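Trainee: This is the structure alone, sequence omitted:
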């Protein structure tokens, strides 16, 4: 499983340390799959996925002896579970999601107590960050046990929660809105998502700070010079290979452009995460391309390394990921622009916000394959503009969307939140 939130959190902790701060990342559920060096060190994994599942399903397991439960947290077993988790659908974990939001009152209260007991043996932190709002249930326990402040990142929770079946969907949103007072502050990666989640959680306008996600630029400066004008253009998609990210829309647009001969020699490269639960969908897209007689013009690059990912972005003329759900950010946009590759995105979510800030692409109206094909045709038939967009985006990312800038913005948001709490207490 390749998770953009995990990539972002790992990069943030690494950069905070580089800037001289004492930062520690505590993993939960399953071993992390990263494409950069992990900052975990010897930190154990808490809320082991197998024990969390058994605690949810079997009441007796919640009282099982510690030695028995530790057996299920063996690295080899958790690695096996991670492979199975790739098949997990949101509709299968509604009950578990609600239980986790109940925190100390949920079926995973023992896992929470074990994690907090371990954290209490460390030096008291100035602040504990929760990676996303699905972890809000542990905020109160952490605040009281550690005597610290808790700040919650907002990172694409909305689409997951909205995909839960009833009654779990409504109950999860109700619990989150009920427990907002148990968190000291909020940080979102875009203004769009800050406003979106403020409305969904009933937070006062302006309460959520914004700190954009960023990436490590190592390797991007070593990419080859821009592709020569006149060579067959390459359209790219890089994200999890699933319907929610719009891979089928990109395939449809590619078939349209190729069938009509509007972009002679056009090729398509598809990269990103592909778990066992995605294989059937990907196979269906490959069959569509085969029927259209285009299989030789397409290549798939699943689960690549970081070096392969950077090279992938550098090999494209344009990238598009027409995600269908409420995307909080979209690291793939920043990664593509860092490689000098322009992006073409639907005018939804925070895409326009990111593209406007970095300057490496443009947005189009509509979420159809026809609208995407028209937008791609416009940019691909103007190679001079395409190259200018690529260079503008590359510089924009260097100024606005690096891991260094991300850490600085997170620290500024944190200091703002803590100072406001201090003023309120003084009053």
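Mentor: Looks like it came in fine. Everything numeric here is computed off the predicted structure, so don't read it as measured data.
Trainee: from here on, contacts and neighbour counts on C-alpha atoms
Mentor: OK.
Trainee: Nearest residue to residue 237 in space, ignoring adjacent ones along the chain?
Mentor: Computed as Cα to Cα, 6 or more residues apart in numbering, the closest residue to residue 237 that is not its neighbour in sequence is residue 270, at 4.9 Å.
Trainee: for residue 212, that is, sorry about that
Mentor: The shortest distance from residue 212 to any residue other than its chain neighbours is 4.3 Å, reached at residue 189 (Cα to Cα, 6+ apart).
Trainee: For this protein, which segments are assigned as strands?
Mentor: Using DSSP state E, the strands found in the chain span residues 127-130, 149-153, 185-188, 208-210, 234-238, 267-272, 298-302, 318-319, 343-346, 361-364.
Trainee: Tell me the helices and strands packed up against the fourth one.
Mentor: What it means is strand 208-210. In terms of contacts (3 or more Cα pairs under 8 Å, 6 or more residues apart in numbering; DSSP states H and E), strand 208-210 is packed against strand 185-188, helix 191-201, helix 403-426.
Trainee: in the stretch 1-150 of the chain, what spans have low per-residue confidence?
Mentor: Residue ranges of the stretch 1-150 of the chain with pLDDT under 70: 1-4, 32-37, 83-91.
Trainee: just the helices in the stretch 301-427 of the chain please.
Mentor: For the stretch 301-427 of the chain, helices defined by DSSP state H, counting those that start in this stretch occupy the ranges 306-314, 331-338, 351-358, 369-380, 383-400, 403-426.
Trainee: So for residue 243, which of the ones you listed sits nearest?
Mentor: With respect to residue 243, and counting by Cα to Cα, the nearest of the helices of the stretch 301-427 of the chain is helix 369-380 at 13.1 Å.
Trainee: who's in contact with the closest one?
Mentor: The contact list for helix 369-380, computed with Cα atoms under 8 Å, 6 or more residues apart in numbering, reads 233, 249-250, 252-254, 256-257, 262-263, 317-318, 344-346, 364-366, 385-386.
Trainee: Please check those and keep the buried ones.
Mentor: Buried subset of the contacts of helix 369-380 (neighbour count, 16 or more other Cα atoms under 10 Å): 233, 249-250, 252-254, 256-257, 263, 317-318, 344-346, 364, 386.
Trainee: contacting residues for the residue nearest to residue 237?
Mentor: 236, 237, 238, 298, 299, 300, 301, 302.
Trainee: Can you get me a residue count around the third one?
Mentor: Residues within reach of residue 238, counting by other Cα atoms under 10 Å, total 25.
Trainee: Okay, and the beta partners of it?
Mentor: residue 271 (DSSP bridges).
Trainee: What is the burial count for residue 132?
Mentor: Residues lying near residue 132 (other Cα under 10 Å) number 18.
Trainee: same deal with residue 92?
Mentor: Counted with other Cα under 10 Å, the neighbours of residue 92 add up to 11.
Trainee: who's in contact with it?
Mentor: By Cα under 8 Å, 6+ apart, the contact set of residue 92 is residue 164.
Trainee: Give me the distance between it and residue 52.
Mentor: Between residue 92 and residue 52 the distance is 14 Å, computed by Cα to Cα, to the nearest Å.
Trainee: likewise residue 176?
Mentor: Separation of residue 176 from residue 52 (Cα to Cα): 20 Å.
Trainee: swap in residue 62?
Mentor: In this view, residue 62 and residue 52 are 9 Å apart by Cα to Cα.
Trainee: shared neighbours of these two, anything?
Mentor: Both residue 62 and residue 52 are contacted by residue 108, under the criterion Cα under 8 Å, 6+ apart.
Trainee: Export the strands of the chain as TSV, with columns for distance to residue 334.
Mentor: Below are these laid out as TSV (distance: least, Cα to Cα, whole Å):
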stretch	distance to residue 334
strand 127-130	23
strand 149-153	19
strand 185-188	16
strand 208-210	17
strand 234-238	12
strand 267-272	15
strand 298-302	19
strand 318-319	11
strand 343-346	9
strand 361-364	11
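Trainee: what about residue 41, neighbour count?
Mentor: 8.
Trainee: Actually, residue 338.
Mentor: Residue 338 has 32 nearby residues by other Cα under 10 Å.
Trainee: Let me see the contact set for it.
Mentor: Counted by Cα under 8 Å, 6+ apart, residue 338 has contacts 217, 220, 393, 394, 395, 397, 398.
Trainee: how about 10 Å then?
Mentor: Residues near residue 338 by Cα atoms under 10 Å, 6 or more residues apart in numbering: 215-217, 219-221, 310, 313-314, 332, 358, 360, 390-398, 401-402.
Trainee: Narrow those to those that are buried.
Mentor: For the contacts of residue 338, buried by 16+ other Cα under 10 Å: 215-217, 220, 310, 313-314, 332, 358, 360, 390-398, 401-402.
Trainee: So the chain: which segments form each domain?
Mentor: Per automatic domain parsing, the structural domains of the chain span 4-210, 220-401.
Trainee: Ends of the shortest one, what's the gap?
Mentor: What that stands for is domain 220-401. Terminal residues of domain 220-401 lie 13 Å apart, using Cα to Cα.
Trainee: How much space separates the spatially closest residue to residue 194 that is not a sequence neighbour from residue 144?
Mentor: Nearest residue to residue 194 in three dimensions, chain neighbours excluded: residue 188, at 5.3 Å (Cα to Cα, 6+ apart). Distance from residue 188 to residue 144, counting by Cα to Cα: 24 Å.
Trainee: more neighbours, those two?
Mentor: Ranked by neighbour count (other Cα under 10 Å), residue 188 and residue 144 place residue 188 first, with 26 against 10.
Trainee: I figured the more buried one hits residue 155, correct?
Mentor: Yes: with contact defined as Cα atoms under 10 Å, residue 188 reaches residue 155; the gap is 6.8 Å.
Trainee: what do those two both touch?
Mentor: With contacts taken as Cα under 10 Å, 6+ apart, residue 188 and residue 155 have 132, 194, 197, 328, 329 as neighbours in common.
Trainee: still on that earlier bit, can I get the contacts of residue 270 in TSV with pLDDT and distance to residue 46?
Mentor: Listed next are these as TSV, based on pLDDT from 0 to 100; distance: Cα to Cα, whole Å:
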residue	pLDDT	distance to residue 46
236	98	37
237	98	34
238	97	30
298	97	41
299	97	38
300	97	35
301	96	32
302	94	28
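Trainee: most surrounded residue in the residues you listed?
Mentor: Ranked by neighbour count (other Cα under 10 Å), the contacts of residue 270 have residue 237 at the top, with 28 neighbours.
Trainee: Tell me who's in contact with it.
Mentor: 245-247, 250-251, 268-272, 300, 312-313, 316, 318-322, 332, 336, 343.
Trainee: if you set the cut-off to 8 Å instead, what comes out?
Mentor: Counting by Cα under 8 Å, 6+ apart, residue 237 touches 247, 250, 268, 269, 270, 271, 272, 319, 320, 321.
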